[in-house]
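>>> below is the sequence, then the predicted model.
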Amino acid sequence: MSSAGEEIQIAASSTPSVEVQLRTFEAGLASYLDRHGLPSSGILTEVEERQVALGNLERVVQRVELERRSQSLYLSKYVAAAATGLFDAALNYLWDETIVELRNRVVQYDLTYFYDNAGLSTEKRKKVSTADNLTELTDSELILGAKEIGLVSQIGYKHLDYIRYMRNWVSAAHPNQNEITGLQLISWLETCLKEVIGLPLSTATVEIKRLLVNVRTQAIQSSDARQISTFFSNLTQEQVNNLASGLFGIYTRADASATAKDNVRLLTPFLWGEWMKKQDVALE
């Protein structure tokens with residue numbers, strides 16, 4: 001008569017390992033393709049590479065809080081594609097999730113500030129102003145604009161731009177015969193989670209958003225301008241430059257209110273002073 005412990009052990013041992021399950025699925029798919037006269041070799045990434053990706057998955061996805069994770073449809077598709085050996089499709093799903101999240105963050109931040117700093121041509125800038133227009137931007141323009149307004153770090157931007165390049169050349173988005181390894185696939189997932197999907201907004205980013213909203217909607221008194229501008233000293237040189245561009249954009253808009261223009265005139269001297277300080281430090 002077996003004990004309860006032995007029964008549990010027998011049940012556990014009867015469950016096929018991940019490798020066995022992957023190989024069983026692959027054999028079944030190959031047989032199905034063969035029966036229909038379709039190519040069955042060179043379709044799926046090697047099982048060993050899939051094990052590498054899946055073996056590191058749990059640790060990596062912990063970067064995203066459970067509530068956010070439970071809504072990440074593209075990440076589920078990424079895992080499904082990775083498990084079945086379609087790494088090129090997995091990369092495509094991952095990039096789609098990243099782009100969707102970036103667009104959501106831009107909408108929640110400040111669209112005008114984003115468009116003013118996205119490096120768009122003069123002609124294209126005239127055509128974009130709403131959240132719907134974000135789909136008209138290339139992925140390159142989107143991640144550059146996100147970097148310029150502080151939604152993505154400088155290093156994060158470099159990593160994302162590389163993943164964008166790889167998505168264009170080795171994913172299912174375009175015909176190719178390039179191979180992706182398990183380590184590359186899980187590394188790209190970690191980067192996208194760390195730099196975009198699971199990243200909270202920085203304090204400086206939140207403060208800039210609040211300031212831009214106030215500049216457009218509330219009259220700022222000269223006595224309050226100095227107090228309001230105290231957080232300028234916490235900004236990087238790049239953030240100072242981009243905020244100046246944002247304020248300039250508010251001031252020069254055809255529909256800018258007199259209140260908004262007055263606010264910009266009050267705050268600009270303090271921002272300029274901070275810019276000069278940072279320039280002096282850079283030259284030392």
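Cool, got the structure.

>>> neighbours around the nearest residue to I163 once chain neighbours are set aside, how many?
Leaving aside its chain neighbours, I163 sits nearest to W188 (5.1 Å; criterion: CB to CB, 6 or more residues apart in numbering). C-betas here are computed from N, CA, C, even on glycine. Number of residues near W188 (other CB atoms under 10 Å) recorded here: 23.

>>> and the helix or strand where W188 lies, how far out from the chain's middle?
Per DSSP states H and E, W188 falls inside helix 182-192. Distance of helix 182-192 from its chain centroid, counting by CA atoms, centre = their mean, to the nearest Å, is 13 Å.

>>> stretch 225-239 now?
On the basis of CA atoms, centre = their mean, stretch 225-239 sits 26 Å off its chain's mean C-alpha point.

>>> measure it end to end?
Length of stretch 225-239, first residue to last, CA to CA, to the nearest Å: 19 Å.

>>> flag every buried residue along it.
By neighbour count with 16 or more other CB atoms under 10 Å, stretch 225-239 contains the buried residues 225, 228-229, 232, 235, 239.

>>> where does the stretch 101-250 of the chain have low pLDDT?
For the stretch 101-250 of the chain, the stretches flagged by pLDDT under 70 are 171-178.

>>> quick one, what contacts the residue most central in space within the chain?
Closest to where the C-alpha atoms of the chain average out (CA atoms, centre = their mean) is V196, at 3.3 Å. Residues in contact with V196, defined by CB atoms under 8 Å, 6 or more residues apart in numbering, are 98, 101-102, 105, 152, 156, 160.

>>> any buried residues in stretch 264-283, and which?
Buried positions in stretch 264-283, judged by neighbour count with 16+ other CB under 10 Å: 264, 266-268, 270-271, 274-275, 278.

>>> quick one: average confidence on the helix or strand V60 falls within?
Here V60 sits within helix 57-61, counting by DSSP H and E. Helix 57-61 shows a mean pLDDT of 91.

>>> sounds good, over and out.
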